[in-house]
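Student: Kindly return the folded structure for what I paste below:
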Amino acid sequence: MTMVERNVLNPNPPEFERFLYASVGEDRNGYVVTVLSALARLGLDPWKESAELVALGREAARARLGTLLARCRDVPALASDHDRIARDLSQLLPEGQASGSLKRVLPSVADGRPGTSGAIWVVLALILLLFQIFKIGGWGSGV
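Tutor: Got it, this is the predicted structure:
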């Protein structure tokens with residue numbers, strides 16, 4: 001499988017995998033909870049949150065991650081040890097030279113809006129144009 005094919009199947013930056021798939025502990029039912037599932041349980045997009053953490057820098061990311069992990073009430077280990085776990089996990093965040101996929105995620109996070117595709121705007125413009133044509137009465141109503 002080539003890199004292009006892999007990106008089609010998994011468009012998320014691979015730099016986040018070590019961080020997102022790291023364990024934060026077991027939940028009350030005995031299941032291992034990863035960073036990915038902990039963030040999802042908090043109603044956050046794990047990849048977007050990871051990109052935001054990277055953009056913050058290591059120390060600010062550790063503090064934010066500690067705050068987020070403290071909110072995970074169903075993982076007993078996090079109740080008392082969320083700061084140490086956040087410190088260890090923040091070391092797994094990518095740093096330094098970022099790949100193209102990570103560089104595409106970070107600007108959209110910094111802008112506060114998701115990346116937009118030109119194709120979306122073309123489709124919306126066509127829909128608006130068709131709506132106006134049908135509302136007026138057609139191409140050449142002859143009136």
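Student: mind checking which helix or strand residue 28 is in?
Tutor: Here residue 28, judged by DSSP states H and E, is contained in no helix and no strand.
Student: Any buried residues in the strand or helix carrying residue 85, and which?
Tutor: Assigned by DSSP H and E, residue 85 belongs to helix 76-90. Neighbour-count burial for helix 76-90, counted by 16 or more other C-beta atoms under 10 Å, picks out 77, 78, 82, 83, 85, 86, 89, 90. For every residue, glycine as well, the C-beta is placed using N, CA and C.
Student: Taking those, tell me the two that lie furthest apart.
Tutor: Across the buried residues of helix 76-90, the longest distance by C-beta to C-beta is 16.6 Å; it joins 77 and 90.
Student: ok, so of the buried residues of helix 76-90, who is nearest residue 19?
Tutor: For those, the residue nearest residue 19 by C-beta to C-beta is residue 89; the value is 6.5 Å.
Student: Just to check, that closest one is in contact with residue 34?
Tutor: No. Between residue 89 and residue 34 there is no contact under C-beta atoms under 8 Å: 10.1 Å.
Student: Which neighbours do the two have in common?
Tutor: Counting by C-beta atoms under 8 Å, 6 or more residues apart in numbering, the contacts common to residue 89 and residue 34 are 22, 24.
Student: Residue 78 is in contact with residue 66, isn't it?
Tutor: No. Counting by C-beta under 8 Å, residue 78 sits too far from residue 66 to count as a contact (9.5 Å).
Student: Report the rounded mean pLDDT for the helix holding residue 85.
Tutor: Helix 76-90 comes out with an average pLDDT of 90.
Student: Can you show me the CA trace of that helix as CSV?
Tutor: Taking Å, rounded to 0.1, in the frame of the first residue of the first chain, the C-alpha atoms of helix 76-90 are listed here in CSV:
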residue,chain,number,x,y,z
PRO,A,76,-10.0,5.8,38.6
ALA,A,77,-6.2,6.2,38.0
LEU,A,78,-6.9,9.7,36.7
ALA,A,79,-8.6,10.9,39.8
SER,A,80,-5.4,11.3,41.7
ASP,A,81,-2.6,10.9,39.2
HIS,A,82,-3.8,13.0,36.2
ASP,A,83,-0.8,15.4,36.4
ARG,A,84,1.8,12.7,36.2
ILE,A,85,0.0,10.9,33.4
ALA,A,86,-0.4,14.2,31.5
ARG,A,87,3.3,14.8,31.9
ASP,A,88,4.2,11.4,30.5
LEU,A,89,1.7,11.6,27.7
SER,A,90,2.8,15.1,26.6
